[in-house]
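1. sequence and predicted model, in that order:
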Amino acid sequence: MNFLFPAFLWGLLAVLIPLAIHLFNFRRTKRVYFTNVSFLREIETEKSSFRKLKHWLILASRMLVLACLAIAFAQPYLRDEEASAYQNTMSFYLDNSLSMQNEANSKRFIDQAMTTLDEMMTVYPNLTSLQLITNEFSSADRNILTAGQFQDRLTATTLTPTARSLGEIYQRQVRLLENTSADQPRELFWISDFQKSTVGNLNEIVTDSSFKINLIPVQSEYIRNVFIDSVWLETPFLREQQKNVLHVKLTNSGNEAIDNLPVRLLLNDTQVSATSVDIPGGKSEFTSFDFNMNEKGFVRGMITFDDFPVTFDNRYYFVLNASPLINVLHLHEGALAANNPINLVYRNDSLFRVENAGVENVDVGRIRNADLVVLNQIQRLSPSLTGGLQEFVRMGGTALIIPPGKPDLAAYSALLEPLGVYGLRDWAGTAIPLDEPDIRIPFFRDVFEATLHSSGQLNMPSAANVWSWSAAGNTLLSLRNSQPFLSQIGVQRGKVYLLGAPLDASTGNFAQHALFVPVMYKIAAMSVRPRPISYSFEEKAIEIMVDEARPNAVYKLRNGDREIIPVQHLSGNQLTIELAQSHEAAGGHVEPGYFVLLNNNDKLIDLLALNPGKRESQLEFYSPAELREIFAGMANVSVIDDIEGAELRNKLERQASGTRLWKYFLYAALFFLLAEILLIRLMKD
């Protein structure tokens, strides 16, 4: 026999109290003299024997009452073979992902689960083979805990941005229990909200029948949560004092409509705009904010609103980089002329970083570091240059192709046909004025109205094309004979701009016209690759261009006092950071916000905004009925509907105490108390 609370056995000492009273009779006797007691001796002897028997029986009853009460409070139990088997490790998985911030009966899911487990450990303190696993997958998961140690780990458990699939959880528990005996049953408990977006494909989980698995959903019928699905700029090219529009997509993953939700835009901790949105349950809505860039460099932006009870996704961080330098690689043949139009237009503005390079000696590897590559009247194209340009465009770069006076159609066809330009052929003719551009095209938006008008009439340049091509992409400018002069062709992530004539005066006056500069500026501005203004902890890797990169440099992320050295790879000037692994290596407690990217010398390289993943914000859960249906073919898997119900308590009770005996000792104490009363009342002298 074992005891849950053996300290109460000290109460057995209380049985000495009635024994002491009996042995030391504290009643004073009074001597009475009789003349003749010979006739009383026989009767006295008989009454004395009866009285002693009565006293001994009453004493025994009182002692047994106290003994049974002391043993009952100690909660005795008998451990049977089944209970002994269960004393093998019971492994608990507690989902501490951010979705557990949701509430049921005004209590967070995570708090409800932790409180219930803590109370059970208090009731069954003799549990000694426990294991607690959380989403961090820390080294503490390996420890086999007593009930008290289990409570200590619960106290230290907090919410984490890391989410795990149930397949990962199962494999983790199996690996940690692989040293236990497979001949005896082993029991796993999964306490989670069973969020559909994070638990993975449950049909793919294959379990070992030697493991008894208990699924314990913590859920609520009422679901409310609004989160920001995405944020993007209408124009990714930002300049100081230039108007721009920030678009925001908000999603209501709850089952009830949200009306008049105030949404605010902050730049550098200053509110610059606000609006309100109505979002039906399970739907998304779009809103936008107009703003001006009043500062150069990095601007810390934030979209914020108030939504309860799930609050981890009420803020969305992003970074705007005003006036970034646009890298222009200008490839030309022979010596660069002093009046070269491309060099002049980009050299005169500090917004551009121009590199002029002769095509004969250019390193193709330098192409990848550019935003815009201008192929200016190149007669001969090497195969390496052709392949490098094609790869550059596919990866998101922009190329401007300006033909020479007599282009090599075979070489240029080999370059352009894989990029979607077909039907390239010679063209010869006199200069023809350009047709009026369609200012409704996004390329010309808010740029050319004042430039193109002169006394109310459009003043257009003239050009004589040296080649023509089949219609491809968008025709931005065309001759008045409807022949394309400037086309924009989208190729995967990049763009190609194809011009119909050289920039020489012999083929027209486009390079000398007022239209030339804004067109070249717009091409360069739109060549800026859409740099992500924010990142998510769910992203596997992010790529960042680093100036003056050193092969052995170690880059780090810093947020206030917190510093992380991420898993990183450097290829040329491109730094790749494996964000997910770095986040887990940091202990799983990295808060969303702004992170400064620094090199070895603490020089600022970039500013990153990191947000929680969207999967945790999608509050759609598997119900107990759905879980039973999915695991219907697995006899070793059961679903416990209520974490606060009796089913889980009974399992822990069987683990802790086998057959409970305290009730029987309580009944025995009542029996002996009743026996004492009957002895006093019925056994009269």
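-> Yes, it's here. Numbers count the residues shown, from 1 in each chain.
2. just give the number of residues close to Ser536.
-> 18 (other C-beta atoms under 10 Å). Just so you know, the C-beta spots here come from the backbone N, C-alpha and C atoms, and that holds for glycine as well.
3. quickly list what it is bridged to.
-> As for beta bridges, Ser536 partners with Asn611 under DSSP bridges.
4. pretty sure it contacts Gly613?
-> Yes: Ser536 is in contact with Gly613 according to C-beta atoms under 8 Å; the separation is 4.9 Å.
5. state whether Leu261 is indeed within a helix.
-> No: Leu261 is assigned strand when assessed by DSSP: H, G, I helix; E, B strand; the rest coil, not a helix.
6. any idea how far it lies from Lys663?
-> Counting by C-beta to C-beta, to the nearest Å, the separation of Leu261 from Lys663 is 56 Å.
7. more neighbours, the two?
-> The neighbour comparison of Leu261 against Lys663 (other C-beta under 10 Å) goes to Leu261, with 18 against 10.
8. residue contacts, Leu424?
-> By C-beta atoms under 8 Å, 6 or more residues apart in numbering, the contact set of Leu424 is 409, 412-413, 416-417, 467-469.
9. of the residues you listed, keep whichever come out buried.
-> 412-413, 416, 467-469 (16 or more other C-beta atoms under 10 Å).
10. which of those lies closest to Thr398?
-> Closest to Thr398 out of the buried ones among the contacts of Leu424 is Leu416 (14.5 Å), distances taken as C-beta to C-beta.
11. please give the element, helix or strand, for the closest one.
-> Assigned by DSSP states H and E, Leu416 belongs to helix 409-416.
12. can you pull out the helices in the stretch 451-600 of the chain?
-> Secondary structure of the stretch 451-600 of the chain (DSSP state H, counting those that start in this stretch): helices at 516-527, 579-585.
13. what's in contact with the longest one?
-> The contact list for helix 516-527, computed with C-beta under 8 Å, 6+ apart, reads 235, 237, 326, 328, 341-342, 345-346, 349, 352, 371-372, 397-398, 400, 443-444, 447-448, 451, 461, 476-477, 486, 495, 497, 510.
14. in PyMOL, select just the buried ones from these.
-> Paste this into PyMOL to select the buried members of the contacts of helix 516-527, with burial taken from 16+ other C-beta under 10 Å:
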select buried, resi 235+237+326+328+341+342+345+346+352+371+372+397+398+400+443+444+447+448+461+476+477+486+495+497+510
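15. could you list the low-confidence segments of the chain?
-> Within the chain, the stretches with pLDDT under 70 are 4, 25-48, 79-88, 180-185, 323-324, 445-458, 580-589, 645-646, 651-659, 684-685.
16. please name the nearest non-neighbouring residue to the residue nearest to the spatial centre of it.
-> Nearest to the mean C-alpha position of the chain, counting by C-alpha atoms, centre = their mean, stands Gly613 at 3.7 Å. Distances taken as C-beta to C-beta, 6 or more residues apart in numbering put Glu538 closest to Gly613, at 3.3 Å, once the chain neighbours are dropped.
17. next one: that neighbour from Gly301, what distance?
-> In terms of C-beta to C-beta, Glu538 sits 20 Å off from Gly301.
18. between those two, which is the more surrounded one?
-> Taking neighbours as other C-beta under 10 Å, Glu538 and Gly301 compare with Gly301 leading, 23 against 17.
19. Ile21 in helix, strand or coil?
-> Under three-state DSSP, Ile21 falls in the helix class.
20. would you mind measuring from Leu499 to Glu119?
-> 76 Å.
21. list phi and psi for Asn201.
-> Asn201 adopts backbone torsions of phi -80, psi 100, taken as degrees, to the nearest 10.
22. ok, how many other residues are close to it?
-> So Asn201, with other C-beta under 10 Å, has 10 neighbours.
23. now it: closest residue in space that isn't a chain neighbour?
-> Asn201 sits nearest to Gly167 (C-beta to C-beta, 6+ apart), 7.7 Å away.
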